[in-house]
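Participant: 3D model of this:
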Amino acid sequence: MSDAASSAAHDAVVVAALELFDRQGFEQTSVEQIAKAAGVSRSTFFRQFGGKEDVVFADHEAILQMIRDDLARQHSDPWQAVCEASLKVYRHFAADPVLARRRYAVVRQVPALRDREIVAVFRYERLFDEYLRQALPGLDPLVAVSFAAEVTAIHNHVLRRLIRGTKRVPASVLRAALDEALQRFGVAEGAESSPDDLVVAVFPRRMPVAEVARRLRGNLPS
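Facilitator: So this is what the prediction gives:
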């Protein structure tokens, strides 16, 4: 089977499974029913997914790897890189809000799925935290984990507005909220500062030392 055909079959299973879960319940839906509705064999289902729970969270593994690969590249501004990663995840789910809302309806009805969703969210947060520590040597770990947690929380809040409602919530809403977070952490490019907020002429006192060092390295002649 070609990559395109395999991807199409994968997507068909996800759509069919979520429709069945939403209509007749997660526990009441069998693998055989999902495979039949998706037009694939039972063996194909288990080749693509480990079980029914994996179908619900099928996107997460692929998205996490995509974000991991993106962050592994060179970025001039690690703080913005984390925000851009959050936006990329949001755009993925916002591209098909009907599917995202159906997934949400299924997850909130099954405690085991809600627990797994919490774990999935934490994996994004940990990925952002680890990236910042690696990209900004010397960064206070508390700053890294705090920024990672805030970005993740903002993302989840805006995503819930999308999936709990019926209207489109553009990515610009998330972008504006993330820009405010950058301002709060003192790492926004061109952030305004009062004289009392400066350690040296151009850096806010609240800016992490690792970020000051990064900007100095990037702007001072070698």
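Participant: burial count for Ala16?
Facilitator: Burial measure for Ala16: 21 neighbouring residues, criterion other CB atoms under 10 Å. To be clear about C-beta, it is placed using only N, CA and C from the backbone, and glycine gets the same treatment.
Participant: and it, that's in a strand?
Facilitator: No. Ala16 is assigned helix when assessed by DSSP: H, G, I helix; E, B strand; the rest coil, not a strand.
Participant: do you know how far it is from Ala35?
Facilitator: The span separating Ala16 from Ala35 equals 8 Å under the rule CB to CB, to the nearest Å.
Participant: now swap in Asn156 and tell me
Facilitator: Counting by CB to CB, the gap from Asn156 to Ala35 is 32 Å.
Participant: more crowded one of the two?
Facilitator: Ala35 (19 against 16).
Participant: The residue nearest the centre of the chain - nearest residue in space that isn't next to it in sequence?
Facilitator: The C-alpha lying nearest the average C-alpha coordinate of the chain belongs to Val89 (CA atoms, centre = their mean; 4.4 Å). In space, Val89 comes closest to Ile63 once its chain neighbours are excluded; the distance is 5.7 Å by CB to CB, 6 or more residues apart in numbering.
Participant: Check which helices and strands the strand or helix carrying the one you found sits against.
Facilitator: Here Ile63 sits within helix 58-72, counting by DSSP states H and E. Packing partners of helix 58-72 (3 or more CB pairs under 8 Å, 6 or more residues apart in numbering; DSSP states H and E): helix 3-24, helix 78-94, helix 111-135.
Participant: number of nearby residues for Ser41?
Facilitator: Look at Ser41: counted by other CB under 10 Å, it has 12 neighbours.
Participant: mind checking the backbone torsions on the closest residue to it other than its chain neighbours?
Facilitator: In space, Ser41 comes closest to Ala35 once its chain neighbours are excluded; the distance is 6.2 Å by CB to CB, 6+ apart. Main-chain dihedrals, Ala35, degrees, to the nearest 10: phi -60, psi -40.
Participant: Report pLDDT for Ala35.
Facilitator: pLDDT recorded at Ala35 is 93.
Participant: so who does it touch?
Facilitator: Val13, Ser41, Arg42, Thr44, Phe45 (CB atoms under 8 Å, 6 or more residues apart in numbering).
Participant: ok, those residues vs Ala81, which is closest?
Facilitator: Lowest distance from Ala81 to the contacts of Ala35 (CB to CB) belongs to Val13, with 32.8 Å.
Participant: burial measure for that closest one, as a count.
Facilitator: For Val13, using other CB under 10 Å, the count is 23.
Participant: Quick check: closest non-adjacent residue to it.
Facilitator: Val13's closest residue in space is Ala38 (CB to CB, 6+ apart), at 4.4 Å.
Participant: wait, doesn't the one you found sit right on Ala16?
Facilitator: Yes. Between Ala38 and Ala16 there is a contact under CB atoms under 8 Å: 3.9 Å.
Participant: check contacts around the closest residue in space to Arg206 that isn't next to it in sequence.
Facilitator: Closest residue to Arg206 in three dimensions, ignoring its sequence neighbours and counting by CB to CB, 6+ apart: Gly186, at 3.8 Å. Contact partners of Gly186, counting by CB under 8 Å, 6+ apart, are Pro204, Arg205, Arg206, Met207, Pro208, Glu211.
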